[in-house]
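Asker: Any chance you can model this:
(one chain, ligands or ions: 2)
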Amino acid sequence: MSALKGVPKPTDYPDPETTEHVTYNPSFADLRAYSSHLETTTEHESPSYVSEYRSRSSAATKNAVDDGFDDDDHAAFERGLDWVENPDNDVICVDRVVGRHPEASHVCRLYLPKEYGRIALAWAKLLEPADGEPVDFVTVQLPDATDEPRIRVAPDAGVTTVLGSDYTGEAKKSFLRLFMHRAKRRGGLGLHAGSKRVTLDDENGRREVGQVFLGLSGTGKSTLTSHGLWLDDPEGVEMIQDDVCALLPSGTVAGSEGGGLYIKTFGLDADEQPELHDAATDESAVLENVAVDDDGTVRFDEPRYGRNARAVVRRSGLDSSADGIDLDRVDQVFFITRNPLMPPIARLSAEQAAVAFMLGESVETSAGDPSRIGESIRVVGTNPFIVGSRGEEGNRFRNLIADLDLECYVINTGAVGTDDPVDVGVEETVAVLEGAARGRIEWERDADLDLEVPSEVPDIDIDRFGVADRVDDFEAAHTALRSERRSYLDRFDDLDDEIADRTY
Ligand SMILES: Nc1ncnc2c1ncn2[C@@H]1O[C@H](COP(=O)(O)OP(=O)(O)O)[C@@H](O)[C@H]1O
Ligand SMILES: C=C(OP(=O)(O)O)C(=O)O
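Answerer: Ligands and ions are numbered 1, 2, ... in the order given. Got it, this is the predicted structure:
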């Protein structure tokens, strides 16, 4: 039993190099072997697993900054530490690095029971190996420790204990949450966002456009950052990062995961998303909660184990991956929404962008709370992993983008309209993004929405997506939405008034 009271520091955990019962940095092959009893091997020779927990347990997650910890919370850390220290346990420990930029790079250490090698395998493929630097973040994940999940995060110490959940996303997000927290402590901001670089060569000459996409889990960051926009050489797209970035005061958008992506696979279609489909059917992928028959046939179209089916795909297996994970310069920021009263794209002023950031309008997806799929939600920064004041987060976002000459847009990747809704499909969003990158969208003021919306987008019939035409009593719905937005923003005491005053 550890003598420690409270939250351990990373250095309080046993040294995996010298502790006999800890298997340190096993190979991918070994990690796979430890979970062979849980594996169905796919037709592509990749391993596939089914987990008991198939999404994050957000309601069971507390952090010491926002929630305040009592003895019970501290006991969760002691439980994790005791388990790692106990020589009777078969412990594996894997080190990885999150982030490559010198101002946003941290060594992460994950401890797990050996039989859950599959979690370490999937997670280790997302990140890059560490090179012996001191450890910054530690997570202990013990899926069988409790009947109900309990996830406790101590941001300043850099440690997380996950009890009772075997979902790989808990390990993944435990480190990314702290990566974002450290970026904020250093004057930047962690973003739940992906980034890409689009190279264009058209009548306006050769140029590169850096794009960043902020969105809630399951709303399109990976899909849109990985998509090649159907461009042909010498034009092209590079996926730089798909999930979490750090906006540094210099304007650089530093990436976090240098090894792979944790993509959603339900409905993954070879024609619609060729790059991701190829990567998910590569031997190097790790599948979770995907329908795989006993003979190894993979069925991405079947929600056999729920809709939050996932694959870890390697950047090396993804055609659109860039070598780097940092975007030196961002030109365009897209807020992904799923609010049915929003058009497929609207152009925002810098002040409206800070409003969009704060509103974080979306709907619940299978990655968040599967029991509430489709319900409207607001999450500041579309980032459920913020630690600390949300209002200050909005002020920081506005201050950081104020000096960068950015174009900001909100895009709706869900349905437009409530009474006669129409889905904005991936192909339509991709056309909108290509139009925005080339500067070929014609804009007009929409008096109903009080926003700038497209009158023309090359290759799609944008008139099909008129919001007011698809809502029976649009005026009443829009008035209610505006006042709801305003009272929501009023809840953030420390949000600067000039941001709240720009509510659209
Ligand atoms: N217009 C759209 N744009 C992006 N994704 C869409 C769109 N319509 C439907 N989808 C689906 O939504 C899901 C988005 O998941 P993903 O890209 O993994 O989200 P994230 O990376 O934000 O967690 C995919 O299953 C994708 O096929
Ligand atoms: C892993 C998760 O996040 P994302 O969908 O952003 O990959 C998750 O929320 O479970």
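Asker: residues in contact with the spatially closest residue to residue 328 that is not a sequence neighbour?
Answerer: Distances taken as C-beta to C-beta, 6 or more residues apart in numbering put residue 252 closest to residue 328, at 5.8 Å, once the chain neighbours are dropped. Heads up, the C-betas are built off the backbone N, CA and C, glycines and all. Neighbouring residues of residue 252 by C-beta atoms under 8 Å, 6 or more residues apart in numbering: 101, 326, 327, 328, 329.
Asker: Residue 89 contacts residue 21, doesn't it?
Answerer: Yes. Using C-beta atoms under 8 Å, residue 89 is in contact with residue 21, at 6.4 Å.
Asker: who touches both of the two?
Answerer: Counting by C-beta under 8 Å, 6+ apart, nothing touches both residue 89 and residue 21.
Asker: which residues of this protein score low on pLDDT?
Answerer: 1-5 (pLDDT under 70).
Asker: quick one, helices of it?
Answerer: 28-34, 71-85, 117-126, 168-185, 221-226, 274-280, 350-359, 390-402, 426-438, 474-490, 497-500 (DSSP state H).
Asker: got those as CSV, with distance to ligand 1 and mean neighbour count columns?
Answerer: Listed next are these as CSV, based on distance: least, C-beta to the nearest ligand atom, whole Å; neighbours: other C-beta atoms under 10 Å:
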stretch, distance to ligand 1, mean neighbour count
helix 28-34, 23, 17
helix 71-85, 27, 19
helix 117-126, 13, 27
helix 168-185, 10, 25
helix 221-226, 3, 26
helix 274-280, 8, 22
helix 350-359, 16, 23
helix 390-402, 18, 19
helix 426-438, 4, 21
helix 474-490, 21, 14
helix 497-500, 24, 16
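Asker: will you turn the ones you listed into JSON lines that also has distance to ligand 2?
Answerer: Converted to JSON lines, the helices of the chain look like this (distance: least, C-beta to the nearest ligand atom, whole Å):
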{"stretch": "helix 28-34", "distance to ligand 2": "19"}
{"stretch": "helix 71-85", "distance to ligand 2": "20"}
{"stretch": "helix 117-126", "distance to ligand 2": "10"}
{"stretch": "helix 168-185", "distance to ligand 2": "3"}
{"stretch": "helix 221-226", "distance to ligand 2": "6"}
{"stretch": "helix 274-280", "distance to ligand 2": "13"}
{"stretch": "helix 350-359", "distance to ligand 2": "17"}
{"stretch": "helix 390-402", "distance to ligand 2": "18"}
{"stretch": "helix 426-438", "distance to ligand 2": "16"}
{"stretch": "helix 474-490", "distance to ligand 2": "22"}
{"stretch": "helix 497-500", "distance to ligand 2": "25"}
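Asker: Could you pull out the strands in the stretch 201-350 of the chain for me?
Answerer: If DSSP state E, counting those that start in this stretch is used as the criterion, the strands of the stretch 201-350 of the chain fall at 205-214, 236-241, 245-247, 253-255, 260-264, 286-288, 291-292, 298-299, 310-314, 332-337, 345-348.
Asker: who wins for proximity to ligand 2 among those strands?
Answerer: Ranking the strands of the stretch 201-350 of the chain by proximity to ligand 2 (C-beta to the nearest ligand atom) places strand 260-264 first, at 4.7 Å.
Asker: packing partners for the closest one?
Answerer: Judged by 3 or more C-beta pairs under 8 Å, 6 or more residues apart in numbering; DSSP states H and E, the packing partners of strand 260-264 are helix 117-126, helix 168-185, helix 221-226, helix 274-280, strand 310-314.
Asker: The stretch 51-200 of the chain against ligand 2: which residues are in contact?
Answerer: By the rule C-beta under 6 Å from any ligand atom, the part of the stretch 51-200 of the chain lying against ligand 2 is 55, 56, 169, 172, 173.
Asker: correct me, but the second one touches residue 367?
Answerer: Read it as residue 56. Yes. With contact defined as C-beta under 8 Å, residue 56 counts as touching residue 367 (7.4 Å).
Asker: who touches both of the two?
Answerer: When contacts are counted by C-beta under 8 Å, 6+ apart, residue 56 and residue 367 have 169, 217 as shared neighbours.
Asker: which one of the two has more residues nearby?
Answerer: A count of neighbours by other C-beta atoms under 10 Å puts residue 56 above the other of residue 56 and residue 367, at 26 against 21.
Asker: For residue 386, give me its contacts.
Answerer: 180, 190, 380, 393.
Asker: can you check residue 231 too?
Answerer: Contacts of residue 231 by C-beta under 8 Å, 6+ apart are 198, 199, 200, 237, 434.
Asker: still on that earlier bit, quick one: the residue nearest to residue 328 and ligand 2, what's the gap?
Answerer: Going from residue 252 to ligand 2 by C-beta to the nearest ligand atom, to the nearest Å gives 22 Å.
Asker: ditto for residue 148
Answerer: The gap separating residue 148 from ligand 2 is 18 Å, by C-beta to the nearest ligand atom.
Asker: tally of neighbours for that residue?
Answerer: Residues near residue 148, counting by other C-beta under 10 Å, number 9.
Asker: Look at the closest residue to it other than its chain neighbours and say how many residues are nearby.
Answerer: What sits nearest to residue 148 in space, not counting adjacent residues and going by C-beta to C-beta, 6+ apart, is residue 164, at 5.8 Å. By the measure other C-beta under 10 Å, the count of residues near residue 164 is 21.
Asker: pretty sure residue 140 contacts residue 162?
Answerer: Yes. When contacts are counted by C-beta under 8 Å, residue 140 is listed as touching residue 162 (7.1 Å).
Asker: Neighbour count: the two, which is higher?
Answerer: residue 162 (32 against 29).
Asker: Could you give the bridge partners of that one?
Answerer: residue 141, residue 151 (DSSP bridges).
Asker: hang on, it packs against residue 151?
Answerer: Yes. The criterion here is C-beta under 8 Å, and residue 162 meets it with residue 151 at 5.1 Å.
Asker: Residue 311 and residue 436, how far apart?
Answerer: 28 Å (C-beta to C-beta, to the nearest Å).
Asker: any chance of the contacts of residue 386 in TSV, plus distance to residue 387?
Answerer: Shown next, in TSV, are those (distance: C-beta to C-beta, whole Å):
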residue	distance to residue 387
180	8
190	9
380	12
393	10
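Asker: give me every residue that touches residue 469.
Answerer: 417, 420.
Asker: Same question for residue 339.
Answerer: 361, 362, 363, 376, 412, 414, 481.
Asker: Looking at those residues, which are in strands?
Answerer: Among these, DSSP state E puts 361, 362, 363, 376, 412 in strands.
Asker: bridging residues for the third one?
Answerer: This points to residue 363. Here residue 363 sits in beta bridges with residue 376, going by DSSP bridges.
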